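>>> need a 3D model of the following:
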Amino acid sequence: MKPPVTPSETRAAERGSDRSGARSARTLSRQALEHELRVHRTELEQQNEELRTAQNDLANAHDRYVDLFDFAPVGYLTLDRDGRVTEANLTATVELGIERSEILGSRFQRFIAPADRDRWQRLKAHAWRRGDPLHIELRLLRHDGRQFHARIDTLRVQHPAAMSQLRVTITDVSQRKLAETNRRIAISASLARESERRRVAHGLHEDLGQR
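So this is what the prediction gives:
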């Protein structure tokens, strides 16, 4: 027969049970915290991987944009309200024979032949006022003073968080202008030859009639 349990022994057993329960609770709490930390770390790693992927996509998109913008077959310029160049692609700098660092901040009018500057001012005023796509053919000046014929297309662009800008494209039409000039010369020469032939034929006809 077991001896009866004394109150002191009961209290000691209860204290031991409490300490054991506290240790178990601390162990469970630590395990739960470690689990939460592991889950949080996994989520952070996934977020970092998604961020790296997004950054790579943005970098690739930027590179594609630079390629499309810089190496487009026509020159691209962006003008502010004062007509100063704020953006220029590589094609435009090659067309105008000037470095990009030199063209930025310059007035676009300086690259237009003096005889066509009034026409450009009128077109620019219409473009800012109406906002519709407009175009004109002008003679432009390269940095070395040589002229070439170009088609200028303009479009006003309004950004919600920025001042409006004027997009300008430059297309070299010198070859087309040269072909048109040669065609007009050829037509004029043909008409002159036809007129001379008719004059000679008329003269011969009159001479034969008199005889």
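>>> use CA for all of it now, contacts and neighbours both
Noted.
>>> nearest residue to residue 99 other than its sequence neighbours?
Among residues not flanking residue 99 along the chain, residue 93 sits closest, at 6.0 Å (CA to CA, 6 or more residues apart in numbering).
>>> next, the buried residues of the longest strand seen in the chain.
Taking DSSP state E as the criterion, the chain has its longest strand at strand 147-157. Applying a neighbour-count criterion of 16 or more other CA atoms under 10 Å, one finds 147-156 buried in strand 147-157.
>>> hmm, who's touching the helix or strand hosting residue 87?
Here residue 87 sits within strand 85-88, counting by DSSP states H and E. Strand 85-88 has contacts (CA atoms under 8 Å, 6 or more residues apart in numbering) with 75-80, 100, 103-108.
>>> state the mean pLDDT of stretch 96-107.
Averaged across stretch 96-107, pLDDT comes to 92.
>>> ah, wrong one, I meant stretch 179-195
On average, stretch 179-195 scores 72.
>>> starting at the chain centroid, how far to it?
Distance of stretch 179-195 from the chain centroid (CA atoms, centre = their mean, to the nearest Å) equals 44 Å.
>>> name the residues that touch stretch 152-164?
With CA under 8 Å, 6+ apart as the criterion, stretch 152-164 contacts 80-81, 124, 127-128, 131-138, 165-171.
>>> residue nearest the middle of this structure, spatially speaking?
Centroid-nearest residue in the chain: residue 69, 5.2 Å away (criterion: CA atoms, centre = their mean).
>>> thank you, goodbye.
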